[in-house]
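>>> using only what follows, build the 3D model:
(2 chains)
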Amino acid sequence: MPRVEFWQGNKAIAMGGIAAGCRFYGGYPITPSTEVAEVMAEELPLVGGKFIQMEDEIAGIAAAIGAALTGVKAMTATSGPGFSLKQENLGYAYMAEIPLVVVDVMRGGPSTGLPTKVSQADVMQARWGTHGDHGTIAYAPSSVQDSFDLTVKAFNMSERFRQPVLIMTDEVVGHMREKIVVPDSVETVDRKRPSVPADQFVPYKADDDDVPPMAAFGDGYRWHVTGLTSNDWGFPTNNASDIDKKATRIIRKVDRFRDEIVEYSCESLEDAEILVVSYGSVSRSALRAVRELRAKGVKVGHFRPITLWPFPDKELRSLPSNVKKVIVPELNAGQMVLEVERVMGGVAEVISKTLINGELFKPAQIAAAVEEVA
Amino acid sequence: MPREDVMEWLRSQFMPHIWCPGCGHGIVMHALLRALSDLQKDPTKTVISSGIGCSSRLPGYVNACTLHTTHGRSLAFATGVKLANPELTVVDVMGDGDCSAIGGNHFIHACRRNIGITAIVMNNNIYGMTGGQASPTTPHGAYASTTPYGAIDPAFDLCKLAIGAGATYVARATIAQPQLCETLIKKAIQNDGFSVVEIVTHCHTQFGRKNKRSRPLDNFNFFKDHSVMKAKADTMSPEELEGKIVIGELHNVKGEEYTHRYQQLIERVRG
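I've put the predicted structure just below:
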């Protein structure tokens, strides 16, 4: 029987991870993500998993990558400054194609910024934070239920595409408590394993889906893993065609399946002339505002990207053409609005509403922004 | 030429290696492979990890499960590997910059945990791959491209650092004693806990040419002339030990290994 619980968002992330099969957590304490580590420290040994508090953020993700290489599902969680530190080995995991879930509970920045206050200012860092190009999959939960469900999805996607997947949650969603329905079990995906004999194993030779099967250290295969650009053997290369093959594949393996990855939700779009685009905690305020305005007869709708990356651009573009104005409220100085501009620019007027004082938008503030242009 | 039984452990298809002719790193690799072979380790259950630098290219040539990570971070990766699957033999090879500069924090914490990993530090007193910059083990007064007037920083004693931080097996040799390297590496791998073997080697290309040891043989002879076995060193005064390299087994104590402790924790909480 699915059970009803009253959980915090960060706890739902940890429990979602365990439900998805996560059996290793490497991390470092940081507000406002620490509860993920605390729940993992308590729960993982109970299911035979391993938790380790490492000496810093960099080591936390490094240990998780090391564990993932032994065939285990692994995760790490952090916030703001820690997300900056993790970029180094996040890049390693994209390059070496390591399944991994990385959680960022966003707080105000730059630097130490606002450890206890909400922000959405890491969403571009999620896409472009580490040096070099790669495909990105990032989810933005807006409720405790989402925190659980999207963490399960993040694990499944990381296993399927053999790369890190990000949960870009925020301090409000991470720390609030609300009702959640916890399923008895969830659908899980496991990484493809090599089927060839050990002497025929070419560790980075991709299948038709651009994803190479992944052996585990200790299961009979011998293979090399490196952060250097490598050929199919996983060995460093300076050959331009080998470089191109690897560099384009780690982008293409996400791009070509974006239709299966992209998620969004929408409300009251039919006759909407004004559209509010928001994600994470802000979408809670925005939905309240939209519903109240609808009750007053304002033709306003809401669109929420659930995957920030890949951004649901095609889906946003195909919305009803009577939308004339798009309002994008964000807890940053205007980041995802750049994506909305890319999609809707020239079709509708795109208006950025920013809030960077550590507070969450109140529904009335979003309603006022809509009424201003209605 | 490598001993015949270690050929099974070599990825000769990826040779020639990137090391300069006369580099000491090959002596370390050969000693490591002889140790693994003599201990009858299974290459599919052996993980060789490394960071970044000349020394860290070693795993690429070893036909086992090999993990070339980011600069200084290899012990953190290796910790995840070992904790997730304690049945694996994990050997981490590092350079002096890797171990004691960018990776210094990971190094002391791996020592503190006493996790069952063998760290081999190939100390050539310089950043070789990037062109000869000073490292934390560049001797006081030595020349490097970033110490054109001589180094004013004191150098780290890596073994003292490891002992102080809690490693249970700590030893040192130089590449002028290949047999000792092999013996110490073997004992380090057999230790059920965190082991550190510092192997003093040379970079004649980057360090030697600036410090009057430009030929490989100059370095080999320097190491031979300056090495003192631990037993003898214990009878010498600090003045007599000035400039000497103390070799042999420096520290060997019992301590509970980290992954065993975690397994006990799991059993305790699961009841």
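>>> residues near residue 188, how many?
Let's take chain A. A count of neighbours around A:T188, defined by other Cβ atoms under 10 Å in any protein chain shown, yields 13. In this view, the C-beta of every residue, glycine as well, is placed from N, C-alpha and C.
>>> wrong one, I was asking about chain B
26.
>>> surely it is in contact with B:V196?
Yes - taking contacts as Cβ atoms under 8 Å, B:A188 lies within contact range of B:V196: 7.4 Å.
>>> bridging residues for the residue lying closest to B:G53 once chain neighbours are set aside?
Spatial nearest neighbour of B:G53, chain neighbours left out: B:G95 (4.1 Å); criterion: Cβ to Cβ, 6 or more residues apart in numbering or on different chains. For B:G95, the beta-bridge partners are B:M122 (DSSP bridges).
>>> please name the residues that touch the nearest residue to A:K246 once chain neighbours are set aside.
Leaving aside its sequence neighbours, A:K246 sits nearest to A:T229 (Cβ to Cβ, 6+ apart; 5.6 Å). Counting by Cβ atoms under 8 Å, 6 or more residues apart in numbering or on different chains, A:T229 touches A:M95, A:P236, A:T237, A:D242, A:I243, A:K246, A:A247.
>>> which of these count as buried?
A:M95, A:P236, A:T237, A:D242, A:K246 (16 or more other Cβ atoms under 10 Å in any protein chain shown).
>>> can you tell me which two in those are farthest apart?
A:M95 and A:D242 (13.8 Å; Cβ to Cβ).
>>> which residue, other than its chain neighbours, is closest to the residue in the stretch 51-200 of chain B positioned nearest to chain A?
At 2.7 Å from chain A, B:G80 is the closest residue in the stretch 51-200 of chain B, using Cβ to the nearest Cβ. Nearest residue to B:G80 in three dimensions, chain neighbours excluded: A:G66, at 2.7 Å (Cβ to Cβ, 6+ apart).
>>> the one you found reaches B:V81, doesn't it?
Yes - using Cβ under 8 Å, A:G66 is in contact with B:V81, at 4.0 Å.
>>> mutual contacts of those two, please.
Common neighbours of A:G66 and B:V81 (Cβ under 8 Å, 6+ apart) are B:S49, B:L67.
>>> more neighbours: these two, which one.
A count of neighbours by other Cβ under 10 Å puts A:G66 above the other of A:G66 and B:V81, at 35 against 27.
>>> next to chain A in this structure, residues from chain B, please.
Residues of chain B lying near chain A by Cβ under 8 Å from any Cβ of the partner chain: B:11, B:14, B:43-45, B:47, B:49, B:59-60, B:63-70, B:73, B:76-85, B:87-88, B:105-106, B:108-109, B:262, B:265-266, B:269-270.
>>> okay, now B:V269: neighbour count?
11.
>>> same question for B:K230.
B:K230, neighbours per other Cβ under 10 Å, totals 14.
>>> what does B:A101 give?
The burial count for B:A101: 18, using other Cβ under 10 Å.
>>> all strands of the stretch 51-200 of chain B, in order?
Here the stretch 51-200 of chain B has its strands, by DSSP state E, counting those that start in this stretch, at B:65-68, B:89-95, B:117-123, B:126-127, B:133-134, B:169-174, B:195-200.
>>> who touches the third one?
Under the criterion Cβ under 8 Å, 6+ apart, residues B:24-25, B:28, B:32, B:55, B:58, B:75, B:78-79, B:82, B:90-96, B:99-100, B:107, B:110, B:137, B:158, B:162, B:167, B:185, B:188-189, B:191, B:194-201 lie in contact with strand B:117-123.
>>> what of the first one?
Contacts of strand B:65-68 from elsewhere in the structure, counted by Cβ under 8 Å, 6+ apart, are A:66, A:69, A:217-218, A:221-228, B:43-50, B:52, B:56-57, B:59-60, B:74, B:77-78, B:81, B:88.
>>> need the buried ones from these selected in ChimeraX.
Entered in ChimeraX, the line below selects the buried ones among these, by 16+ other Cβ under 10 Å:
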select /A:66,69,217,218,221,222,223,224,225,226,227,228 /B:43,44,45,46,47,48,49,50,52,56,57,59,60,74,77,78,81,88
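>>> let me know the secondary structure of A:P329.
strand (DSSP: H, G, I helix; E, B strand; the rest coil).
>>> right, and it touches A:S278 too?
Yes - the pair A:P329 and A:S278 passes the contact test of Cβ under 8 Å, sitting 5.3 Å apart.
>>> mutual contacts of the two, please.
Joint contacts of A:P329 and A:S278 (Cβ under 8 Å, 6+ apart) are A:S285, A:A286, A:I366.
>>> so which helix or strand takes in the first one?
Which is A:S285. Using DSSP states H and E, A:S285 maps to helix A:280-295.
>>> can you put the strands of the stretch 51-200 of chain B in TSV and add distance to A:C266?
Listed next are the strands of the stretch 51-200 of chain B as TSV, based on distance: least, Cβ to Cβ, whole Å:
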stretch	distance to A:C266
strand B:65-68	44
strand B:89-95	50
strand B:117-123	51
strand B:126-127	55
strand B:133-134	56
strand B:169-174	62
strand B:195-200	58
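>>> and the closest residue in space to A:I366 that isn't next to it in sequence, how far from chain B?
Among residues not flanking A:I366 along the chain, A:A289 sits closest, at 4.0 Å (Cβ to Cβ, 6+ apart). Using Cβ to the nearest Cβ, to the nearest Å, we find A:A289 at a distance of 45 Å from chain B.
>>> could you export stretch A:331-339 as CSV, CA atoms only?
The C-alpha trace of stretch A:331-339 is given here as CSV (Å, rounded to 0.1, in the frame of the first residue of the first chain):
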residue,chain,number,x,y,z
LEU,A,331,14.7,34.2,-8.2
ASN,A,332,17.8,35.4,-10.1
ALA,A,333,18.7,38.3,-12.2
GLY,A,334,17.1,36.7,-15.3
GLN,A,335,18.5,33.4,-16.4
MET,A,336,15.9,31.0,-17.8
VAL,A,337,14.3,34.0,-19.4
LEU,A,338,17.1,33.9,-21.9
GLU,A,339,15.8,30.5,-23.0
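>>> burial of the nearest residue to A:S268 once chain neighbours are set aside, as a residue count?
Sequence neighbours aside, A:G301 is the residue nearest to A:S268 in space, at 4.3 Å (criterion: Cβ to Cβ, 6+ apart). Other residues within reach of A:G301, judged by other Cβ under 10 Å, total 22.
>>> please list all residues in contact with the closest residue to chain B within the stretch 51-200 of chain A.
As assessed by Cβ to the nearest Cβ, chain B sits closest to A:G66 within the stretch 51-200 of chain A, at 2.7 Å. Going by Cβ under 8 Å, 6+ apart, A:G66 touches B:S49, B:L67, B:A76, B:F77, B:A78, B:T79, B:G80, B:V81, B:K82, B:A84.
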